[in-house]
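Peer 1: What would the 3D arrangement of this be:
(5 chains)
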Amino acid sequence: MIVRPRPHWLKLLFVRRGSILNRIFPQLLFTTGLAAVVVLAHGQLFHWKVTLTSAPFSLMGVALAIFLGFRNNASYDRYWEARKLWGRLLVEARTVSRQALTMTRRRTDARPFVLGVIAFAHALRNQLRGQSSAQGLDGLLPTTLLARIGQARFPCALILLWLAEWLRERRDAGELDVVLQQRMDVHVSGLSEVLGGCERIAGTPLPFTYSVILHRTVYLYCMMLPFGLVDAIGMMTPVVVLFVSYTFFALEALSDEIEEPFGLAPNDLALDAMAAGIEASLREMLGEKPLPAPVATDYILT
Amino acid sequence: MIVRPRPHWLKLLFVRRGSILNRIFPQLLFTTGLAAVVVLAHGQLFHWKVTLTSAPFSLMGVALAIFLGFRNNASYDRYWEARKLWGRLLVEARTVSRQALTMTRRRTDARPFVLGVIAFAHALRNQLRGQSSAQGLDGLLPTTLLARIGQARFPCALILLWLAEWLRERRDAGELDVVLQQRMDVHVSGLSEVLGGCERIAGTPLPFTYSVILHRTVYLYCMMLPFGLVDAIGMMTPVVVLFVSYTFFALEALSDEIEEPFGLAPNDLALDAMAAGIEASLREMLGEKPLPAPVATDYILT
Amino acid sequence: MIVRPRPHWLKLLFVRRGSILNRIFPQLLFTTGLAAVVVLAHGQLFHWKVTLTSAPFSLMGVALAIFLGFRNNASYDRYWEARKLWGRLLVEARTVSRQALTMTRRRTDARPFVLGVIAFAHALRNQLRGQSSAQGLDGLLPTTLLARIGQARFPCALILLWLAEWLRERRDAGELDVVLQQRMDVHVSGLSEVLGGCERIAGTPLPFTYSVILHRTVYLYCMMLPFGLVDAIGMMTPVVVLFVSYTFFALEALSDEIEEPFGLAPNDLALDAMAAGIEASLREMLGEKPLPAPVATDYILT
Amino acid sequence: MIVRPRPHWLKLLFVRRGSILNRIFPQLLFTTGLAAVVVLAHGQLFHWKVTLTSAPFSLMGVALAIFLGFRNNASYDRYWEARKLWGRLLVEARTVSRQALTMTRRRTDARPFVLGVIAFAHALRNQLRGQSSAQGLDGLLPTTLLARIGQARFPCALILLWLAEWLRERRDAGELDVVLQQRMDVHVSGLSEVLGGCERIAGTPLPFTYSVILHRTVYLYCMMLPFGLVDAIGMMTPVVVLFVSYTFFALEALSDEIEEPFGLAPNDLALDAMAAGIEASLREMLGEKPLPAPVATDYILT
Amino acid sequence: MIVRPRPHWLKLLFVRRGSILNRIFPQLLFTTGLAAVVVLAHGQLFHWKVTLTSAPFSLMGVALAIFLGFRNNASYDRYWEARKLWGRLLVEARTVSRQALTMTRRRTDARPFVLGVIAFAHALRNQLRGQSSAQGLDGLLPTTLLARIGQARFPCALILLWLAEWLRERRDAGELDVVLQQRMDVHVSGLSEVLGGCERIAGTPLPFTYSVILHRTVYLYCMMLPFGLVDAIGMMTPVVVLFVSYTFFALEALSDEIEEPFGLAPNDLALDAMAAGIEASLREMLGEKPLPAPVATDYILT
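Peer 2: So this is what the prediction gives:
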């Protein structure tokens, strides 16, 4: 476990890790500036007094709370499910490799199979990030398969087919009992479930209409807010508008970022580090040393 | 992964994708028009002053929040569970096809079995959309089975029966070990679970009473709202009513749309694209090329 | 899929399907009448002015929201879990019937086994509704078993025992491989899980204390409400009280109805239609025709 | 299913089942009495006017809602998970007994095994309630095992070990195929999962700090409330304080009760009735009659 | 079950178990002191009157409730999932040990295998706490393996590999049927899932941005609060600020503590006690006596 000391509570107010503040800076400037203008004009818009109080904003807050809460929970669920799938990838990869090493006959060389499992992890990362299919696969798979994968639309599924083919060959050669072949197939299917789960998250975003409705609600709310506050709190209006805008905009921007957890934004999943962790663990099981150095990341250990 | 650049925050306010706004336009016009009339009449209805303040609306907001939040969550859960079932369909289809290709003897031609699995995906889409049972199945199944399916009440279950029959024949012909037959049956049963899950969602809506109570609450709230606001905010009443109505009506309309995820509304699931994706992946495993072109869709990849 | 066109939004305000309104009519009359009396008496009770404002009701709303939201979610979870169990019943019934038809030798007559599975579905409905154990079982089970079931305390468990006994006989007769026997037993156990899940929901309601506390909170709230509103909104008090009472009473009544999903209230599960759907699907797998006509229901398809 | 007619809505206000009201009576008396004193003193404490309005209580309500809602949900989840585990215990017990009766050779006497499963249910109840290990086990297990269990720290795990030992003996005697032995082991492991799940709930309460923070928040809130209300609503202050205190205290007390569902409080699980139900169902499968009479309970059927 | 009598409700207000109050003491002092200064200065900051009312704080409360509620739920889910994983560790450890004792031939000495399972539990605790890999493993594993583990990056995975190797040796020696070997492998894989789940929770915290936004929102809210209250409630301002700060700060601090459940903070999981419980249960299954004494802890039993 990486020890993560929490910063002092005063210091934490000024921390800049994660770029959310940069991302929402223009919008914050806009609403706060608008609030300042409204204060200077005493709540008048083109010489016409906008008669608002804070009461309507309480009513609007109901819908806002439902939308923001829902969007945030749904996005985080996608993020955490994606993380669970990669956690399961590690588990299934280790399990099927352990089986290849201990369920076949002693004379069997299980190394090609284990390298194929490593290749699957890298290929999955490539597919989810839209990178070239063959990135990081050199030396892990037979060259004919590598060539076929380079042109495939679903490369990961072909690697699983090859792993199953390897099991059939071991069985035909008398190196693997049929009972153990079907047992190992359970975990090859587990890899297939990880693949399908990741494809589902990557391929189906939240219904876009949610984003549109939420966005409109949040921004119109913050733009109307100065008119509702200026009569009651005068000069403090821009401060309160800044505070409210910051929380709403930041929550919306963060939800937007983790909604697609396989991207490259600062709060997305560290797929490179996780794929490297899987590779290191399987190579250690093969008895290799020294292991490749871990990929540096803020927060992902394995 | 399809890269989905998010529009600029100002532009997002005016985007028109998804037809929710069109759908709720009459209602919005009605409540906003009503608010305008109330302002002009200074809150009087037939020369009788309606004495309302915003306080009762805070109290009503409690029930409204519970209803809207619940309905939205329950509808989204149905939508996402339906999507998970189709994701699992892809996984099970690939798994059982991989098994047919690698668990039988080398001399076995597993192609009819794999085509049958493709037929199952198309037949499930047909059943869920109330289309003709045989649509898209030509050439995928034996003609006698096709004829029987055309008249069946539960066509998908008959396809699974045929797949299991195929396995028995392979076993009786000595091409499939009984241990592997029972292993493959696990995933034929998996297809059956996908079928049953989809039938459950398609056949059992949310209790209709929820919709009725929520609908009444939302619309009466929005119709009474102008009377509660007009004394405090005068001319701004229609603006606030428009804002509040928009968020409530839009949330209700969207929940209504995704509650039945197998329909043809803009936010429903892209079953055609998903069935085509399953077909392409299985055909690639069979070594066919070129693969059929993907079905165009806004947001579904696989 | 049954196509369910949604009524026009104006018409939906006056729909009467589902009898919730009838059920809460007396209570609504009481609180609205009380509000009218309070208005006429200018908030006095026995010549003593009740000094209430709307502020305390906001505070009370916190507890009310937690209770109502919790009760509603917990009740709906019970309803939906019950529906999932019956959906799984269909899946397991089909799976185990498919296995009986394709895993035994060709000479085996699997019809008695499939009829026994149909009998299980009917017996489960009977048990959950407290009906006579043997209702709808004629001709589906051997007469000696039928007689024993008629007197049993747990009739469904005895049917499962008989199904397992049938499997042992097939195996002893050399018609069923032991590997396939244990595979079929997985789904006989699945039927047992459906049975246990339904018994759990039917036998353990929500802790009754929740209902009591919620009921008291809701009704006292609505009875005190007129005194809190009359000074501010005068003649409109009965309208607002009617509105608030309706939403709270309706939500409580609906939660109460779906909390026990196996009953006969309008929003409960259509067990008859679902059991008939299972029977029709299994009989179609046996090749019977014509199938029995579906049981009419508002919303259950399968 | 036991038919549970719901009392009339007026009668339900005065029902006394469940002792929550008794439990929180002193606290209610205290806060209501305090409110009365505050009214008489016109909001003065030691001749010093406490200047509070209801506005701060709205702000405090945010934290209160989060705490109360969380605690209630978390407690109910524990309660319902515990109930699910006992429901699963019934399912696994029936399944493994059915297997013992139909998977062994006809000459095998499976009765000792089934009695051992019954013993497991009673031993689990004993362990969870901290009762003597051997209570209710007479005649169900071999005497040497009974003696060992009486002194054991984990008696239930030893019973499972004995069940597995019985299976090995049947197999060594040629009465049980190895494929079926491993199939039955799946459900012996299921019993082990039930055991571990119950131990987890019994052994790990909610973090105690939650209780402390919630308790302080709720009680200080209710003690300060009279000062915030007295200027606005005068004589009605004790009524409102009683109402608010009742809902908050009752919710806290109920959460506290069901948080540890294996206890003996009125809303806890009826372990005796459930263990007796399991015993009756298994004895019916053995063909015994008459069955022992069901244990009386308000609400548990099986 | 440890009987946990709940303290008297008055006493519970002053309890000091759990160090949350110590941890947030400086912050509480700061905000309360600030409130006192604001009261003395009559809401002026540098001779400039800060015009705030309590209305903006209601609006800010929406975002605050969403953040606090989400963070608390997400943290507790992590805590409870971690507890479930350790509960499952106990179950899998007992199951695989029971199998080793009853599925091998009678002549087999299963003791080394069971000790290896105990070693796995200790090694997992060491890994999660960042302790030396070999702590508590003396005498539980072969010395060559111990040496290898001392230098390994993923020591737990190597122990599982050794367990699987032991199974292969038993099978090669004719002491373990291949069907039972694959059955035991299911639960060795279960141990692997526990390992992967713990690594996932330990390696991936909540997105750090959540903490930052929440922290800023909470602290700025509490610092601005005195200005919003001082005009309405005067001298009572510090009391209300103390109350509100306490609930918000305490909730944030507690969420922060249980978010990483494998640490050594007072509310974290008692890994030492749980590992010792697993060891005691397995040693009892081996027939050892006396068992090691349980590790003292406030609340963990098993």
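Peer 1: Now do the SS call for the closest residue to A:A110 other than its chain neighbours.
Peer 2: Leaving aside its chain neighbours, A:A110 sits nearest to A:A100 (4.0 Å; criterion: Cβ to Cβ, 6 or more residues apart in numbering or on different chains). No exception for glycine: its C-beta is placed from N, CA and C like everyone else's. Here A:A100 is recorded as helix under DSSP: H, G, I helix; E, B strand; the rest coil.
Peer 1: Now do A:A100 against chain E, distance only.
Peer 2: 10 Å (Cβ to the nearest Cβ, to the nearest Å).
Peer 1: For that residue, give me its contacts.
Peer 2: Going by Cβ atoms under 8 Å, 6 or more residues apart in numbering or on different chains, A:A100 touches A:110, A:113-114, A:184.
Peer 1: Looking at the residues you listed, which are in helices?
Peer 2: Per DSSP state H, helices hold the following members of the contacts of A:A100: A:113-114, A:184.
Peer 1: can you pick the most crowded of those?
Peer 2: The most neighbours of any of those, using other Cβ atoms under 10 Å in any protein chain shown, belong to A:M184, which has 24 neighbours.
Peer 1: Contact partners for that residue?
Peer 2: When contacts are counted by Cβ under 8 Å, 6+ apart, A:M184 touches A:96, A:99-100, A:103, A:167, A:176.
Peer 1: Of the residues you listed, which is the nearest to C:T31?
Peer 2: Using Cβ to Cβ, A:V96 is the member of the contacts of A:M184 that sits closest to C:T31, with 64.7 Å.
Peer 1: okay, which residue is most central for chain A?
Peer 2: The centroid of chain A falls nearest to A:P261 when counting by Cα atoms, centre = their mean (1.8 Å).
Peer 1: helix, strand or coil for that one?
Peer 2: coil.
Peer 1: hang on, isn't it packed against A:R78?
Peer 2: Yes: between A:P261 and A:R78 there is a contact under Cβ atoms under 8 Å: 6.2 Å.
Peer 1: Overlap in contacts, the two.
Peer 2: Shared contacts of A:P261 and A:R78, counting by Cβ under 8 Å, 6+ apart, come down to A:I201.
Peer 1: My guess is A:R171 contacts A:Q181. True?
Peer 2: Yes: if you go by Cβ under 8 Å, A:R171 and A:Q181 touch, sitting 5.1 Å apart.
Peer 1: who has more neighbours, those two?
Peer 2: Applying other Cβ under 10 Å to A:R171 and A:Q181 shows that A:Q181 carries more neighbours, namely 24 against 20.
Peer 1: Spit out the contact partners of that one.
Peer 2: Counted by Cβ under 8 Å, 6+ apart, A:Q181 has contacts A:167-168, A:170-171, B:103, B:180.
Peer 1: Same question for A:A55.
Peer 2: Contact analysis of A:A55 by Cβ under 8 Å, 6+ apart lists B:54, B:229, B:232-233.
Peer 1: which two of the residues you listed lie the greatest distance from each other?
Peer 2: Distance extremes for the contacts of A:A55: the farthest pair is B:S54 and B:I233 at 9.0 Å, using Cβ to Cβ.
Peer 1: Stretch A:213-233 and chain B in contact?
Peer 2: Yes: with Cβ under 8 Å from any Cβ of the partner chain as the measure, stretch A:213-233 is seen reaching chain B through A:213, A:215-217, A:219-221, A:224, A:227.
Peer 1: Show me how far that stretch is from its chain's centre.
Peer 2: In this view, stretch A:213-233 has its centroid 31 Å away from the chain centroid, taken as Cα atoms, centre = their mean, to the nearest Å.
Peer 1: Let me know the helix or strand that the residue in the stretch 51-200 of chain A positioned nearest to chain D is in.
Peer 2: Distance from chain D to each residue of the stretch 51-200 of chain A (Cβ to the nearest Cβ) is smallest for A:V179, at 9.4 Å. Taking DSSP states H and E as the criterion, A:V179 maps to helix A:178-203.
Peer 1: buried residues in that helix?
Peer 2: Using 16 or more other Cβ atoms under 10 Å in any protein chain shown as the burial criterion, the residues of helix A:178-203 that qualify are A:179-203.
Peer 1: Same question for stretch A:161-176.
Peer 2: Applying 16+ other Cβ under 10 Å to stretch A:161-176 flags A:161-164, A:166-168, A:170-171, A:175-176 as buried.
Peer 1: What lies in contact with that stretch?
Peer 2: A:96, A:103-105, A:107-108, A:112-113, A:116-117, A:120, A:141-142, A:145, A:177-178, A:181, A:184-185, A:188, A:191, B:98-99, B:101-103, B:285.
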